[in-house]
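Colleague: here's my sequence, what's the structure:
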Amino acid sequence: MTSVDETVRPVLLRRGFALEYATLGWNVVGIVVLAIAAISAKSVALAGFGLDSLIEIGASTVVIWELSGSGEDRQRRALRLIGVGFGLLAVYLLAQSTWVLVTGFRPHHSPLGIGWTAVTAAVMFALAFGKARTGAALDNPVLQTEGRVTLIDGLLAAAVLLGLLLNLAVGWWWADPAAGYVLVYYAAREVKDIFGGH
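Modeller: Numbers count the residues shown, from 1 in each chain. This is a model prediction of the structure:
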């Protein structure tokens, strides 16, 4: 590395840590907010989104651990752990979406859920963008891959929001689980890429 790289690297590492700690903090608060919203609205989608927040917390913790050290073995292990997180997310989305469609479960309206998922989508997209740029600048595939976990979190928030709004506006209770299937494909593709060595 050049002297410029050595000067910039600590700044980029601090930015990477800041992005991950921001993600952790947001998702810890989110679990509480989503639990309240899910119980009051009897919403499977909101409860499921809370579980997704747990997966995002796990992925962020893995990246913080990886950024704290060095070595290819540590990087490979971190990528595998994130791959497992993607796999769990795909299984959860598949199971939840199928269950909601099969049972025809119709949740109540949730102003709190609508507000939280709207803000969460914007926050997660911003964090994902920051992680992608910082990970590319650091040449760190772990941070870049976890940025895609954050992107999926933002997409899932947008899908849950769309489902809540369509349910509120026109009674389309099936819109949220339908969007979930699209995210299953995306998460499964990430698992294949990580474990396939692409």
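
Colleague: buried ones in the longest helix along the chain?
Modeller: The helix that spans the most residues within the chain, counting by DSSP state H, is helix 3-41. By neighbour count with 16 or more other C-beta atoms under 10 Å, helix 3-41 contains the buried residues 12-13, 15-17, 19-20, 23-24, 26-27, 30-31, 33-34, 36-38, 41. C-beta coordinates here come from the backbone N, C-alpha and C atoms, glycine included.

Colleague: ditto for stretch 180-198
Modeller: For stretch 180-198, by 16+ other C-beta under 10 Å, it's 180, 183, 184, 186, 187, 188, 190, 191, 194.

Colleague: quick one: the helices in this structure?
Modeller: 3-41, 44-67, 72-103, 111-138, 141-170, 175-196.

Colleague: which residue is nearest the middle of the protein?
Modeller: Per C-alpha atoms, centre = their mean, the C-alpha nearest to the average position across the chain is that of residue 153, at 2.7 Å.

Colleague: looking at it, that residue is touching residue 122, isn't it?
Modeller: No. Judged on C-beta atoms under 8 Å, residue 153 makes no contact with residue 122 at a distance of 11.8 Å.

Colleague: point out where the chain drops to low pLDDT.
Modeller: 1-4, 197-198 (pLDDT under 70).

Colleague: circling back: now do the contacts for the residue nearest to the centre of the chain.
Modeller: 27, 52, 53, 56, 120, 124, 128 (C-beta atoms under 8 Å, 6 or more residues apart in numbering).

Colleague: from these, which single one is nearest residue 149?
Modeller: residue 56 (6.2 Å; C-beta to C-beta).

Colleague: wait, the closest one touches residue 20, no?
Modeller: No. Applying C-beta under 8 Å, one finds residue 56 not in contact with residue 20, separated by 10.3 Å.

Colleague: quick one on the thing from earlier: drop anything exposed from the contacts of residue 153.
Modeller: Listed as buried from those are 27, 52, 53, 56, 120, 124, 128; burial here means 16+ other C-beta under 10 Å.

Colleague: centre of the chain to stretch 51-66, how far?
Modeller: 9 Å (C-alpha atoms, centre = their mean, to the nearest Å).

Colleague: may I see the buried residues of that stretch?
Modeller: Buried residues in stretch 51-66 (16+ other C-beta under 10 Å): 52-60, 62-64, 66.
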